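[1] model this:
(one chain, ligands or ions: 1)
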Amino acid sequence: MTTTARPTTGFDAAAASTAYRSALEVIGAVEPRVAAAISQELTDQRESLKLIASENYASPAVLLTMGNWFSDKYAEGTVGHRFYAGCQNVDTVEALAAEHARELFGASHAYVQPHSGIDANLVAFWAVLAQRVELPALEKAGVKHVNDLTDADWTTLRHALGDQRMLGMSLDAGGHLTHGFRPNISGKMFEQSSYGTEPGTGLLDYDALRARAREFRPLILMAGYSAYPRRVNFATMREIADEVGATLVVDMAHFAGLVAGKVLTGDFDPVPHAHVVTSTSHKSLRGPRGGFVLAQPEFADAVDRGCPMVLGGPLPHVMAAKAVAFAEARRPEFADYARAIADNAVALAEGLDRRGVQLVTGGTDNHLVLLDVSSFGLTGRQAESALLDAGIVTNRNAVPADPNGAWYTSGVRIGTPALTTRGFGTEEFDRVAELIADVLGSTTPAATSSGTPSKAKFTTADGVADRTRSAAAELLADHPLYPGLDLA
Ligand code: DSN
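    The predicted model follows:
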């Protein structure tokens with residue numbers, strides 16, 4: 001049935017069942033509806049074909065680490081230098097998380113306090129500003145560091161920030177909102193410009209990027225993506241950054257698991273090349289919801305000032321869970337898991353391609369596949385909804401130069417990390433490709449009340465959603481989520 005070794009982290013199902021049953025009993029005694037919702041969420045996750053590229057299933061050890069009294073502790077500051085007393089155990093877990101992160105990624109410095117990927121990026125941006133921005137007026141006033149600014153200095157700084165530039169990957173090419181786009185504060189802090197992909201191939205155009213960087217002279221060259229299905233050459237990115245005097249910041253939130261598992265190595269591993277690397281801990285890395293930053297020594301001190309510069313108090317229970325997740329990722333079986341994520345993505349892409357589904361860039365060499373559903377006459381929104389009705393959970397996503405914009409889109413993004421955690425192999429992903437192609441090929445846009453084709457409504461041929469649900473249920477039953485974990 002499955003062609004890859006089952007990569008899930010082993011756990012003691014009997015002990016986990018006892019732990020969760022007891023927890024639900026305690027919670028249910030206060031608010032039974034919350035206990036019921038927690039229980040229902042497990043059922044729902046067990047019964048859905050989760051293909052959202054940014055989601056995964058953390059191990060019971062990681063999840064249990066977050067539900068305890070560490071949650072009650074305030075711990076502003078850094079290990080050994082706290083603004084609250086009684087942080088000795090927080091120090092232990094934060095130091096462990098940072099040590100595991102350094103070892104896992106071969107980084108000289110790790111900061112594990114960010115609460116999310118956006119927070120990690122903000123920490124990185126402020127660190128670069130603090131280290132790199134020359135503020136003549138402020139220097140004259142004797143200000144050496146962003147943290148030393150007075151109110152008057154801040155006014156000057158705001159003007160100074162208006163002159164700073166960030167060059168990031170465009171959203172429709174797969175970049176992320178926090179890489180200098182207006183709906184995010186990064187788009188207000190920096191004057192932004194974008195680089196994109198080559199029109200025919202959909203591949204990153206490094207020559208055009210180099211030319212844009214030479215012209216735009218950014219303070220920050222931002223790399224990383226949330227919907228680009230290919231590897232990025234970070235050695236080339238660093239060369240470009242050095243040529244124009246930019247700081248290279250890589251957001252590896254999506255592919256951190258592939259870096260940890262040594263699928264992305266050499267020129268494709270951001271850690272040796274970037275000045276600062278940001279990440280989340282919960283996507284392909286399979287840890288708790290959260291973020292972290294890796295930095296070269298020059299930026300280490302500025303990065304450590306993330307809280308309170310741009311972060312609320314650190315979450316010790318989540319830092320503890322990061323330590324557990326990073327320890328899991330340092331085990332040899334995590335490399336098997338990461339390899340399986342990438343092999344499964346190739347099987348999924350090949351299966352879709354063989355069945356006539358158009359793929360941005362023609363395939364994948366990471367954990368995700370981006371479908372262009374316009375050849376089916378559908379918007380991304382219609383495709384996403386039709387797949388959901390058939391029990392397949394994905395998310396719509398813009399494709400390069402998308403005529404349908406960011407709301408309706410022409411694409412659907414699909415990732416393999418979650419189902420790979422359940423033990424799906426290449427044969428199962430080929431079957432998933434068959435199901436997706438069947439649903440898309442059986443779906444047509446419906447008309448609006450005025451008779452024009454709708455961008456949201458659709459019709460799927462009778463029986464297709466039901467037969468897909470049954471086929472998905474069979475696949476899922478063969479690969480149970482948290483096997484042996486029983487809440488009843
Ligand atoms: N929300 C994440 C994703 O789905 O890619 C990125 O922020």
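[2] ok, the closest residue to the ligand within the stretch 1-150 of the chain - contacts?
    Closest approach between the stretch 1-150 of the chain and the ligand, counting by C-beta to the nearest ligand atom: residue 54, at 3.3 Å. All C-beta spots, glycine's among them, are computed from the backbone N, C-alpha and C. Residue 54 makes contact with 226, 253-254, 280, 283, 415 under the criterion C-beta atoms under 8 Å, 6 or more residues apart in numbering.
[3] The ligand: which of those is nearest?
    Closest to the ligand, out of all of these and judged by C-beta to the nearest ligand atom, is residue 226, at 3.6 Å.
[4] leaving aside the residues next to it on the chain, what's closest to that closest one?
    residue 176 (4.8 Å; C-beta to C-beta, 6 or more residues apart in numbering).
[5] re the thing from before, which members of the contacts of residue 54 are the farthest-apart pair?
    Using C-beta to C-beta, the pair of the contacts of residue 54 lying farthest apart is 280 and 415, separated by 13.4 Å.
[6] Which one's more surrounded, these two?
    residue 415 (31 against 25; other C-beta atoms under 10 Å).
[7] While we're on the nearest residue to the more buried one once chain neighbours are set aside, how confident is the model there?
    For residue 415, ignoring the flanking residues on the chain, the nearest one in space by C-beta to C-beta, 6+ apart is residue 53 at 2.5 Å. pLDDT for residue 53: 98.
[8] same question, the one 4 residues further on
    The per-residue pLDDT reported for residue 57 equals 96.
[9] distance of the nearest residue to it once chain neighbours are set aside from the ligand?
    Spatial nearest neighbour of residue 57, chain neighbours left out: residue 421 (4.8 Å); criterion: C-beta to C-beta, 6+ apart. As for residue 421, its distance to the ligand is 17 Å (criterion: C-beta to the nearest ligand atom, to the nearest Å).
[10] so the residue nearest to residue 415 sits right up against residue 255, yeah?
    No: between residue 53 and residue 255 there is no contact, the gap being 9.9 Å when judged by C-beta atoms under 8 Å.
[11] In three-state terms, label residue 67 for me.
    The local conformation at residue 67, judged by DSSP: H, G, I helix; E, B strand; the rest coil, is coil.
[12] what's near enough to touch it?
    So residue 67 contacts 23, 317 (C-beta under 8 Å, 6+ apart).
[13] ok, 10 Å please
    By C-beta atoms under 10 Å, 6 or more residues apart in numbering, the contact set of residue 67 is 19-20, 23, 27, 317, 321.
[14] which two from those residues end up farthest apart in space?
    Within those, 27 and 321 form the most distant pair, 18.5 Å apart (C-beta to C-beta).
[15] between those two, who's got more neighbours?
    More neighbours surround residue 321 than the other of residue 27 and residue 321, with 30 against 17 (other C-beta under 10 Å).
[16] other SSEs contacting the host helix or strand of the more buried one?
    Residue 321 is part of helix 316-329, with elements assigned from DSSP states H and E. If you count contacts as 3 or more C-beta pairs under 10 Å, 6 or more residues apart in numbering; DSSP states H and E, helix 316-329 packs onto helix 60-65, helix 88-105, helix 256-260, strand 291-295, helix 332-354.
[17] and the angle for it with strand 291-295?
    Using axes from the mean of the first three to the mean of the last three C-alpha atoms, to 10 degrees, one finds that helix 316-329 and strand 291-295 are set 70 degrees apart in direction.
[18] mind exporting helix 316-329 as CSV, just the C-alpha atoms?
    Extracted in CSV, the C-alpha atoms of helix 316-329 (Å, rounded to 0.1, in the frame of the first residue of the first chain):
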residue,chain,number,x,y,z
PRO,A,316,7.0,29.8,27.9
HIS,A,317,4.6,26.9,27.2
VAL,A,318,5.1,27.3,23.5
MET,A,319,8.8,27.7,23.8
ALA,A,320,8.8,24.4,25.8
ALA,A,321,6.9,22.8,23.0
LYS,A,322,9.4,24.2,20.4
ALA,A,323,12.1,22.5,22.4
VAL,A,324,10.3,19.2,22.2
ALA,A,325,9.5,19.6,18.4
PHE,A,326,13.1,20.6,17.6
ALA,A,327,14.3,17.6,19.6
GLU,A,328,12.0,15.4,17.5
ALA,A,329,13.3,17.0,14.3
